[in-house]
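[1] the sequence isn't on hand, but the structure is:
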Ligand code: CMP
């Protein structure tokens, strides 16, 4: 079924010059990028994005990291895009992610893991609304 999801290249991915690599892998898979935005996100925007993790041990550091520099957000469409993109990016922990996945090939950290992608179509709509709003950030 045709779905849309959100993919975010995190500050570490942008700093390391991996925006093109992430886009290439998404496009190679025949998924379509329908929106794209580079922003320096506010802390408030990141707190909304990661509301489900509030209270967890890694939450404060995650918010600090995600608002430490520019991010690139994109809307990605295709057949079963949520699951397909999650498979493309690999497990959260870069040390465990399989070679061939984005995190498996480029990340060695559980926090600084290059990319984020929504885990359901409902979350995708919620996260797209937040990250593509005018108030999420600027340059
Ligand atoms: P992401 O897929 O964006 O979803 C939540 C993020 O929190 C995750 O990627 C990591 O960046 C971070 N994260 C998840 N678990 C941990 C953890 N145990 N320690 C540090 N950061 C984590």
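    Looks like it arrived, so ask away. Keep in mind the model is a prediction, meaning the values are calculated, not measured.
[2] ok, the residue lying closest to residue 108 once chain neighbours are set aside to residue 133 distance?
    With sequence-adjacent residues excluded and distances taken as Cβ to Cβ, 6 or more residues apart in numbering, residue 108 is closest to residue 94, at 5.0 Å. Where C-beta positions appear, they are placed from N, C-alpha and C, glycine not excepted. Residue 94 is 29 Å from residue 133, where distance means Cβ to Cβ, to the nearest Å.
[3] ok, now residue 9?
    According to Cβ to Cβ, residue 9 and residue 133 sit 18 Å apart.
[4] between those two, which one's more packed in?
    Neighbours per residue, other Cβ atoms under 10 Å: of residue 9 and residue 133, the larger number sits with residue 9, 25 against 11.
[5] can you tell me who the more buried one pairs with across the strands?
    Bridge pairing for residue 9 (DSSP bridges) gives the partners residue 72, residue 115.
[6] isn't it right up against residue 17?
    No. Contact criterion Cβ atoms under 8 Å: residue 9 and residue 17 do not qualify, at 10.3 Å.
[7] who in this structure is up against the ligand?
    53, 58, 62, 92, 110-111, 113, 116 (Cβ under 6 Å from any ligand atom).
[8] all helices for this protein, in order.
    Using DSSP state H, the helices of the chain run over 11-15, 19-28, 43-49, 59-66, 81-89, 102-106, 121-131.
[9] now those helices in TSV, with distance to residue 139, mean pLDDT and mean neighbour count?
    Shown next, in TSV, are these (distance: least, Cβ to Cβ, whole Å; pLDDT from 0 to 100; neighbours: other Cβ atoms under 10 Å):
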stretch	distance to residue 139	mean pLDDT	mean neighbour count
helix 11-15	12	98	19
helix 19-28	15	98	16
helix 43-49	14	98	19
helix 59-66	16	98	16
helix 81-89	25	98	20
helix 102-106	25	99	20
helix 121-131	15	98	18
